[in-house]
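>>> take a look and give me a structure for this.
(2 chains)
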Number of protein chains: 2
Amino acid sequence: MEFKALVQQVLLTVEPPSLNDTASDWLRVERSLRAQLPDRPVAATLTALRDLGPALRQGDWQIVATVAEVGDVWRVVQIAPARFATYPIGLAVDLGTTTVVAELVNVVSGEVLGTRLAYNAQRDFGVDVTARMMHAEKPGGLLELSEAIRRSLNDLITSLCVEANVDADRIAAAVIAGNTIMGHLLLGLDPSSIRREPYVPAATTFPVMTSREIELNLSADTPIYLLPAASGYVGGDVTAGLLATQLADAELPSILIDIGTNGETVLGCREFLLACSGSAGSAFEGCGLEWGMAAQAGAIDRVWVADGRIAYRTVGNEAPRGICGSGLIETLGACLQAGIINRNGKVNLEAPSARRNNDGHPVVVIAPATETTVGRDLALRQGDIENLIRDKAALFAGSRILLANAALTFEDVAEILIAGNFGQSLDIDQAVRIGLLPDIPRERIRFIGNSSLAGARAALVSRGQWQRAQSIAASITCLELTAEPGYFEEYTAALFLPHTDLSLFPSSQSHQETGTILQGVI
Amino acid sequence: MEFKALVQQVLLTVEPPSLNDTASDWLRVERSLRAQLPDRPVAATLTALRDLGPALRQGDWQIVATVAEVGDVWRVVQIAPARFATYPIGLAVDLGTTTVVAELVNVVSGEVLGTRLAYNAQRDFGVDVTARMMHAEKPGGLLELSEAIRRSLNDLITSLCVEANVDADRIAAAVIAGNTIMGHLLLGLDPSSIRREPYVPAATTFPVMTSREIELNLSADTPIYLLPAASGYVGGDVTAGLLATQLADAELPSILIDIGTNGETVLGCREFLLACSGSAGSAFEGCGLEWGMAAQAGAIDRVWVADGRIAYRTVGNEAPRGICGSGLIETLGACLQAGIINRNGKVNLEAPSARRNNDGHPVVVIAPATETTVGRDLALRQGDIENLIRDKAALFAGSRILLANAALTFEDVAEILIAGNFGQSLDIDQAVRIGLLPDIPRERIRFIGNSSLAGARAALVSRGQWQRAQSIAASITCLELTAEPGYFEEYTAALFLPHTDLSLFPSSQSHQETGTILQGVI
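Predicted coordinates:
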């Protein structure tokens, strides 16, 4: 019997006690468990001990023990009479700055039983990690932030379990992938040293917690695994992305760009891993934009120009109420292509979709008020466009600096993997057109969806992947971009659409259209 | 540097981080700890991670880490700036059915910083373990009992800390010795199978808990060690007694009799350990007696007859308000000696201290109402005397059965050790006179006080003793007295003072008086 997942179920037939054999319930169970799991010691939890006696007797001395690998022991986290036992369920979580996504997984089959996304309730205390860290330094601020993220997570657990008709007590383990600051705030660790030179977090590896310790609405002894981080700004979500993509096991170098609230980029292969974080990308998650939103029902996720007019599609084909990341990228690309904005990102007020808003500022209207559920035009303001350009410039410059440090160019890269929680699909040509992605053959670019969530799931269903995460995180070299010579020049040069140096984007000069649409594949 | 106690302090000087060395606070501390504790891995707790950053910076990168041995790892339970650190404090607890005794200990020096006794708040739900187990089977009963014992323990912790002027957060570890049922109720484990044949507990060994898990008012990650039990009726308190007396390491067999609410007896040496429990002894703790009480201020702890009249001494020389165990034993002995009761325990109504009470039942007055704080005569009723005789008969019969099983007699025994929480000293001749103890040379009998508490303290100050406790508990063979042939005859024969078979008590015929007073020595 091979045990692959981080949690396992073991069927035990236990010899009933007699006056000649009065060993305790636990000693009997421990004996049977050791016989089936000889590789390491077995440890009880309070939950298991409490359920043991009734389960053995109700189950006629046949029980199923659910065990989790914690450090060097098998920890018994659930005990149930054999006849009532079902497959073990795990929880995978992407703990993002803007959104939290959670998923119920059958850890044996890998089947996803349900996925839900919610906004991080910490949004009330600041839009990005810097604002959150500043709030954490106020009296009571750290506690407020801890409680907010816990509330978000607990609400998600509740709604996921209702939706999938699963008792939350059945969840046998959770793997959480989050950036380092979210990890600190969830655990109540002071993140203040991350914000100040030399940007050192309290921890990058975390002991396996229990839900009792961090007050999650799961059975008290459910083990909670936090994926390890590489540094204060390259977190467990990046480690998760590397797990999901297997980038760190490949022979040839690839680039992973995670367009979350912080834009993290990793360049590497099995020989080396170089990473940076730009505090960029949040505009693509909709942060700071008037109509930005997550890729939920009613979000505009696809945008194009037909007959000179902007056209769009929404998630779930509902009436639009905002614009998600993929919609934002395609809006910029389509507007540039149609001349609605120019290479500086300035709105051409003579274009049919452009106008001045009430303040006199130029805007590009994507969906007129009559078509929306919000009763107002869904539009990008001139300032929104500039925010998006600054973020794409930071992301592009980050990749360039990583490549320079490895003495490589985009041509040497096997694949560029774009991760993000901002839509089901993305027109890669538009991402190249605006200079978010380099102008390389399109088949070498893949949009992989939420790789942080996928990595958390991978660790949940595979002990080997959980262990691999530890070695991956420990082997990442992190560059501090602001300290890198040449970064500011790279950034400034990228503040154009697609770039100041058009020789980097030969296809933008030919205006050829390939129309490649990439689906999230993880 | 040799580490002896279960918790240890390690002074760490940590290299501050720089832009060239941005390892997290925890990685730095882990590195330093491993260098000083190379024998096993080091694990963080949430408490340690939360305190780490501030402590390192306030302490100018000099901190003291308090680590506890938990399984095969050193668990970091406290972190403090070096300049604020003091010695580590431990808590030793005797978790008894009637009383709970707790002690603060400097685990480095072994010095006791304070000791306090309180009644177990579970008394409201029944006088002995059987009554408690029956209550646990009622709806909500287990929770009530768990909460009651936790409340008693938390009240004791609070008053101990106030008295010793110690912050409860400074307590770095607790070792608890209790009988198996008290252990189950503290952890919320269902004890119902202990009460029914084949008398099997949920567990006899317990994982190291945290105060968060069992809701003690200590720092959340303080490790709580429960001494292992041998069976449902031979608990961690007996294991503790064996640790304290080193009986299990001796060459020649000795007997340990713990006169608690359950009278447990162990016969053995390093070759073998035989134990039994008689559900006897509770009368000697004052249970079920009108004026029984613990050995607190105002308890009559010494009793003798002078000029035909009963004389007494109280704990703290205060006006009497009850009678504790040593007072009860001495009262029986002195009354038998002076002819106030006969060999059947019947009160001689012609004796000066005897009279009939309002119900017409005979009583022996120990302190007349005028001398007490309670405004009534402190007396033993005929029924109280019979309770005490039944308990001493059960204890004596238990020893006889153990000896018979080992093919030994009292003459073969190196020492008889009497443990109990019932007074500072005991007139051993009176205990022999009533047949509670056998008639062997008095220098082979020792009264050792509360050996359960002493054993908990021994494990706290010595990792070796904690480990020894595991092997001791595992090697005890428990006899079920009611299933032993000959037990009922032994018990019946002992229902006289001192015994039906007077040849077992030669000195009771000579009426010689040695007056040996034994002090509790642990």
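>>> CA only for contacts and neighbour counts going forward, please
Will do.
>>> quick one: contacts for the residue of the stretch 401-522 of chain A found nearest chain B?
Nearest residue of the stretch 401-522 of chain A to chain B: residue A:480, at 8.8 Å (CA to the nearest CA). Taking CA atoms under 8 Å, 6 or more residues apart in numbering or on different chains, we find residue A:480 in contact with A:276, A:277.
>>> swap in 7 Å and give it another go.
residue A:276 (CA atoms under 7 Å, 6 or more residues apart in numbering or on different chains).
>>> per-residue confidence at it?
In this model, residue A:480 is scored at 91, pLDDT.
>>> now residue A:71
90.
>>> and if you look at residue A:358?
88.
>>> swap in residue A:9?
pLDDT, residue A:9: 95.
>>> find the nearest non-adjacent residue to it, please.
Nearest residue to residue A:9, sequence neighbours excluded (CA to CA, 6 or more residues apart in numbering or on different chains): residue A:66, at 4.4 Å.
>>> surely that neighbour meets residue A:75?
No. Using CA atoms under 7 Å, residue A:66 is not in contact with residue A:75; the gap is 8.4 Å.
>>> for the spatially closest residue to residue A:454 that is not a sequence neighbour, pull up the helix or strand it's in.
Nearest residue to residue A:454 in three dimensions, chain neighbours excluded: residue A:244, at 5.6 Å (CA to CA, 6+ apart). For residue A:244, the host element (DSSP states H and E) is helix A:236-245.
>>> same check on residue A:391?
Residue A:391 belongs to helix A:382-405, assigned by DSSP H and E.
>>> can you pull the buried residues of that helix?
Of all the residues in helix A:382-405, those buried under the rule 16 or more other CA atoms under 10 Å in any protein chain shown are A:382-403.
>>> could you do stretch A:215-227 as well?
Under 16+ other CA under 10 Å, the buried positions of stretch A:215-227 are A:216, A:217, A:218, A:219, A:220, A:221, A:222, A:223, A:224, A:225, A:226, A:227.
>>> coming back round to it: what helices or strands is the helix holding residue A:391 leaning on?
strand A:262-268, strand A:273-281, helix A:487-493 (3 or more CA pairs under 7 Å, 6 or more residues apart in numbering or on different chains; DSSP states H and E).
>>> quick one: pLDDT of the nearest residue to residue A:343 once chain neighbours are set aside?
Spatial nearest neighbour of residue A:343, chain neighbours left out: residue A:497 (4.6 Å); criterion: CA to CA, 6+ apart. pLDDT for residue A:497: 96.
>>> any idea how many residues pack against residue A:497?
Here the count is done by other CA atoms under 10 Å in any protein chain shown, and residue A:497 has 27 residues near it.
>>> check the secondary structure at it for me.
Classification of residue A:497 using DSSP: H, G, I helix; E, B strand; the rest coil returns coil.
>>> quick one: it and residue A:296, what's the gap?
Here the criterion is CA to CA, to the nearest Å. By it, residue A:497 lies 28 Å from residue A:296.
>>> and residue A:100, by the same measure?
12 Å.
>>> need the residues that contact stretch A:24-38.
Contact with stretch A:24-38 is made by A:12, A:14, A:42, A:52, A:53, B:200, B:201, B:202, B:203, B:204, as judged by CA under 7 Å, 6+ apart.
>>> could you redo the last one with a cut-off of 8 Å?
With CA under 8 Å, 6+ apart, stretch A:24-38 has contacts from A:10, A:12-15, A:40-42, A:49, A:52-53, A:56, B:200-204, B:231.
>>> so where's the stretch 151-300 of chain A uncertain?
A:279-281 (pLDDT under 70).
>>> what residues does it have near chain B?
Contact residues, the stretch 151-300 of chain A versus chain B (CA under 8 Å from any CA of the partner chain): A:187-190, A:193, A:197-204, A:206-207, A:212-213, A:231.
>>> repeat that with 6 Å
Applying CA under 6 Å from any CA of the partner chain, we find that the stretch 151-300 of chain A lies next to chain B at A:189, A:198, A:200, A:201, A:202, A:203.
>>> which parts of stretch A:246-264 are buried?
Those would be A:247-249, A:253-264, for stretch A:246-264 by 16+ other CA under 10 Å.
>>> can you show me the helices along the stretch 351-500 of chain A?
According to DSSP state H, counting those that start in this stretch, the stretch 351-500 of chain A carries its helices in the segments A:382-405, A:428-433, A:451-461, A:463-475, A:487-493.
>>> how far does the last one sit from the chain's center?
This means helix A:487-493. 27 Å (CA atoms, centre = their mean, to the nearest Å).
>>> what's that helix packed up against?
For helix A:487-493, the elements it packs on are helix A:382-405, judged by 3 or more CA pairs under 6 Å, 6 or more residues apart in numbering or on different chains; DSSP states H and E.
>>> which residues are contacting the helix it packs on?
Helix A:382-405 has contacts (CA atoms under 6 Å, 6 or more residues apart in numbering or on different chains) with A:280, A:281, A:283, A:289, A:362, A:363, A:409, A:436, A:490, A:491, A:494, A:495.
>>> wait, residue A:278 sits on residue A:263?
Yes. Taking contacts as CA atoms under 6 Å, residue A:278 lies within contact range of residue A:263: 5.5 Å.
>>> can I see the domain layout of chain A?
If you go by automatic domain parsing, the domain ranges for chain A are A:7-84, A:89-226, A:245-522.
>>> can you list those domains in JSON lines and add distance to residue B:274?
Putting the domains of chain A into JSON lines (distance: least, CA to CA, whole Å) gives the following:
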{"stretch": "domain A:7-84", "distance to residue B:274": "15"}
{"stretch": "domain A:89-226", "distance to residue B:274": "37"}
{"stretch": "domain A:245-522", "distance to residue B:274": "45"}
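>>> so which of the ones you listed gets nearest residue B:61?
domain A:89-226 (13.3 Å; CA to CA).
>>> can you name the residues that contact the residue most central in space within chain A?
For chain A, the residue nearest the mean C-alpha position is residue A:452 (3.4 Å; CA atoms, centre = their mean). Neighbouring residues of residue A:452 by CA under 6 Å, 6+ apart: A:94, A:237, A:240, A:241.
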